[in-house]
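>>> Curious how this folds, go ahead:
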Amino acid sequence: SPAILMVVNGPIRRQIGVNSKDGLFGPGFRANACLGRAVRLCFMNGFDARPGTLDRGTLGNPSKYTLCIADNEEDSPWEPLHVSRGFQAGDSCVTVAVAYNPTTVNNRYGHTGESILSSLADTMKSAFLGQKFPGQWAIVIGPEHALTLKEGGWSRRNIQDYLIENASRSRAELVRLGVAQGPEKPGDDKLILHCAKDPDDILLLMGGGTGGRNSAIIDMSHFKMRTRKIDLPGA
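Next up is the predicted model:
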């Protein structure tokens, strides 16, 4: 039951009011809601992607209502997401991907970057995420976690490499958990599957408020993610 993730970067975030801070994934922000709903209505009305017809999701997904957010570029210790994907800082861009519900990682008491990343990697190793190894991911770092990572000197690439190395499981484990097809074969305990094949398969951005030491993982499955520059009328 995947949804469509949209991450907005550049000046257009402020022009139309896309939220990147408190309540990032929640209600209350018209631009976030309207953009996500518009895309969903196109699927429903243009392709008949409705529950019970072409939408055959077993349980559905609340993110299908909207999963549109902005990157908090101003407070981020890293370059904006769209810059890391080859665009200029002054460009308005949107990154689009097939995605599932955000999974919150609550690391309250870890005060080192490695502690925060260890908890992210541990969550990614869970059975319901481990079945996607290798896949693509969006990691939304909350402000308090971002500050700790900044103080520890963690770059975007350092974080991506750490997660690829530490968010891994053997195929034997996944077979025993029932999320990989069995039966278990000799050597499966030594066949290590990593969360991603390439660092660029892990999108890293900053978002959310300061209500707690939280970050989020968004599983983006295996479909190709794309970033495009937004052409503004009259520009």
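>>> Now do the strands in the protein.
3-9, 68-70, 93-99, 103-106, 137-141, 168-170, 192-194, 202-206, 214-219, 226-229 (DSSP state E).
>>> Mean pLDDT and mean neighbour count for these - can I get that in JSON lines?
Any C-beta I mention is one placed from the backbone N, CA and C, and that applies to glycine too. Shown next, in JSON lines, are the strands of the chain (pLDDT from 0 to 100; neighbours: other C-beta atoms under 10 Å):
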{"stretch": "strand 3-9", "mean pLDDT": "96", "mean neighbour count": "24"}
{"stretch": "strand 68-70", "mean pLDDT": "98", "mean neighbour count": "27"}
{"stretch": "strand 93-99", "mean pLDDT": "97", "mean neighbour count": "21"}
{"stretch": "strand 103-106", "mean pLDDT": "96", "mean neighbour count": "16"}
{"stretch": "strand 137-141", "mean pLDDT": "98", "mean neighbour count": "26"}
{"stretch": "strand 168-170", "mean pLDDT": "96", "mean neighbour count": "20"}
{"stretch": "strand 192-194", "mean pLDDT": "96", "mean neighbour count": "16"}
{"stretch": "strand 202-206", "mean pLDDT": "98", "mean neighbour count": "25"}
{"stretch": "strand 214-219", "mean pLDDT": "97", "mean neighbour count": "23"}
{"stretch": "strand 226-229", "mean pLDDT": "97", "mean neighbour count": "14"}
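>>> Nearest to residue 52, out of those?
Nearest of the strands of the chain to residue 52, taken as C-beta to C-beta: strand 3-9 at 17.7 Å.
>>> Can you spell out which helices and strands pack onto that closest one?
For strand 3-9, the packing partners by 3 or more C-beta pairs under 8 Å, 6 or more residues apart in numbering; DSSP states H and E come out as helix 30-47, strand 68-70, helix 81-84, strand 93-99.
>>> Contacts for that strand, please.
18, 35-36, 39-40, 43, 61, 63-64, 67-71, 73, 80-83, 87, 91-101, 138, 203, 205, 218, 220 (C-beta atoms under 8 Å, 6 or more residues apart in numbering).
>>> Could you rerun that using 6 Å?
18, 39, 61, 63-64, 67-71, 80-82, 93-97, 99 (C-beta atoms under 6 Å, 6 or more residues apart in numbering).
>>> do the same with stretch 22-38
By C-beta under 6 Å, 6+ apart, stretch 22-38 touches 16-19, 66-69, 102, 207-209.
>>> can you do 8 Å?
So stretch 22-38 is in contact with 4, 6, 8, 16-19, 63, 65-70, 102, 140, 207-211, 216, going by C-beta under 8 Å, 6+ apart.
>>> Kindly report the same for stretch 45-52.
For stretch 45-52, the external contacting residues (C-beta under 8 Å, 6+ apart) are 43-44, 54-55, 57, 60.
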